[in-house]
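K.L.:
Sequence and predicted structure below; questions after.
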Amino acid sequence: MNIGTGKSRRRWKESVALRNIALLYGEIAFIGILNGTIGTYLGIFAIRLGASNTLIGLMSSLPALITVLLMYPASQLVNIWENKIEINKWTFLFTRIFYLPLAFVPYLPNPPFFILLVVALLAIPATSANIAFNVMFIDLIPSYLRATILSNRNMLLMFIQTFTSTLVGYLLDRTRFPMNFQIVMFIGFVASMISLYLMVFLKPIRRITKEERITIDWKKIFSSIWTQFKDIINIFQEDQSFKRFQFATFIFYLGLYIPMPLFGIRMVRELDFSNFVIGLTSTSSGLAMALSYIFWNRIGRKVGVRDALFWSNIGIAVYPLIFIMLKGSSEIIFLSAMGGFFSAGFSVFMYMALLIFLPVEKRAEYLAINGVISNISLTVGPIIGTQLSNIIGLPPVFFIGTAVRIIGTYLYLKAIPKE
């Protein structure tokens, strides 16, 4: 290879990488709008349309169940697809096209059930889409820039999402129902399509010189739905410390998800909060989370992963208990900020704790198992919470959520080795 050819290739790689970075920043900005519209207000829309507590719980549980069943098949599909950017585009297209019908649900019979149906259906391609994006990202950005790009994307996402949710909440209260929510759902759909359009221009930083015909053994792929559970049992038998950690994860996440659908139900039906106030709770939580990562990083270096996870989990554990005792909007907005503060610590140290248990040769399998376990909690937790609320009312369920979170925190202390 001559010098001119080498310089030309370096310039080509650098220009492609820089273009990819700009496109990734642009597409995540529109995802921030999507999260600040549909992501924040879809559940509130369903509640205001008359959705039952059970249906609100199913809106969280059904997508999680689909993710549990399809995670292994989806990962295999992504692995055998030669062009990772291509499968990323197709899976995201089939995911986001489902956002459009949300703008028309008030015209349909039983609108809350239709929302549930849409949420369940879009979870099918979304399982592959999420895996495909993470795999595709490696082909788009040089390794030495990935951490920086990811952190910048997350920060941009959080700020745009919080700004959007606040503005949308203000506008929702100034437009008649249900047209206000229909407009918000349509804005979310348009934002998702613009994000997808920007992905069309992404290019790999290395040239793909040969395209191979894709042959997919669908029977083999979907048979892995059942073999994944056998693999989990085998790994748990071989690695008792990882099993204890995953049991703690299941319990703590169960405590997270049991009261999860009830926060919105209480704010709408019992406290009669406006859409703007509900948006402010999301805003305060998101901003506090984004601004507190530096603090938690310092705490982690000082006390270690195990103790830092303990303190962040305790803060998350008492959140439902305090929430059910408050009634004022300003108090709950402040509490949401505190929840975001502790959630930032949990997201950091939960991941760092998980890394302790990952053997080098089986990292992918262990990460997949962690995803399956957490989604099982998400599958059963909201159903338990909403059914209990129908029997004993909302306040006792928030107490139960706090108790289960405290038990999970204790189990984490037992499972994670001292440093």
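P.N.:
Yes, it's here.

K.L.:
For Thr175, grab phi and psi.
P.N.:
phi -130, psi 140 (degrees, to the nearest 10).

K.L.:
What's the local residue count around Thr227?
P.N.:
The local packing of Thr227 (other Cβ atoms under 10 Å) involves 11 other residues. Any C-beta I mention is one placed from the backbone N, CA and C, and that applies to glycine too.

K.L.:
Next, count neighbours for the nearest residue to it once chain neighbours are set aside.
P.N.:
Of all residues not flanking Thr227 in the chain, Tyr72 sits nearest, at 7.5 Å (Cβ to Cβ, 6 or more residues apart in numbering). Look at Tyr72: counted by other Cβ under 10 Å, it has 24 neighbours.

K.L.:
these two touch, right, Tyr72 and Gln228?
P.N.:
Yes: if you go by Cβ atoms under 8 Å, Tyr72 and Gln228 touch, sitting 4.1 Å apart.

K.L.:
Give the residues shared as contacts by these two.
P.N.:
With contacts defined as Cβ atoms under 8 Å, 6 or more residues apart in numbering, the residues adjacent to both Tyr72 and Gln228 are Ala368.

K.L.:
tell me what the strand or helix carrying the residue nearest to Thr227 is packed against?
P.N.:
Secondary structure assigned from DSSP states H and E places Tyr72 in helix 53-80. In terms of contact count using 3 or more Cβ pairs under 8 Å, 6 or more residues apart in numbering; DSSP states H and E, helix 53-80 is assigned the packing partners helix 40-48, helix 84-96, helix 111-140, helix 218-238, helix 260-265, helix 363-392.

K.L.:
Would you mind putting those into JSON lines with distance to Ile33 and mean pLDDT alongside?
P.N.:
Formatted as JSON lines, these follow (distance: least, Cβ to Cβ, whole Å; pLDDT from 0 to 100):
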{"stretch": "helix 40-48", "distance to Ile33": "11", "mean pLDDT": "92"}
{"stretch": "helix 84-96", "distance to Ile33": "13", "mean pLDDT": "85"}
{"stretch": "helix 111-140", "distance to Ile33": "17", "mean pLDDT": "86"}
{"stretch": "helix 218-238", "distance to Ile33": "34", "mean pLDDT": "76"}
{"stretch": "helix 260-265", "distance to Ile33": "20", "mean pLDDT": "92"}
{"stretch": "helix 363-392", "distance to Ile33": "25", "mean pLDDT": "87"}
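
K.L.:
want to throw those helices into a markdown table with distance to Met325?
P.N.:
What follows is those, written out as a markdown table (distance: least, Cβ to Cβ, whole Å):
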| stretch | distance to Met325 |
| --- | --- |
| helix 40-48 | 22 |
| helix 84-96 | 39 |
| helix 111-140 | 29 |
| helix 218-238 | 39 |
| helix 260-265 | 14 |
| helix 363-392 | 17 |
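
K.L.:
Quick one, which of those helices gets closest to Ile400.
P.N.:
If you check each of the helices and strands packed on helix 53-80 against Ile400 by Cβ to Cβ, helix 363-392 wins as the nearest, at 6.9 Å.

K.L.:
Quick check: buried residues in the closest one?
P.N.:
365-366, 368-386, 388-389 (16 or more other Cβ atoms under 10 Å).

K.L.:
cool, stretch 189-204 as well?
P.N.:
By neighbour count, and taking 16+ other Cβ under 10 Å as the criterion, the buried residues in stretch 189-204 are 189-196, 198-199, 202-204.

K.L.:
next one: stretch 162-178
P.N.:
With the criterion 16+ other Cβ under 10 Å, stretch 162-178 contains buried residues 162-169, 171-172, 178.

K.L.:
List the contacts of it.
P.N.:
For stretch 162-178, the external contacting residues (Cβ under 8 Å, 6+ apart) are 32-33, 35-37, 40-41, 45, 48-49, 106, 180-181, 183-184, 187, 274-280, 282-283, 286-287, 290.

K.L.:
Kindly report the same for stretch 62-71.
P.N.:
For stretch 62-71, contacts defined as Cβ under 8 Å, 6+ apart pick out 116, 119-120, 122-124, 126-128, 131, 225, 228, 368, 371-372, 375-376, 378-379.
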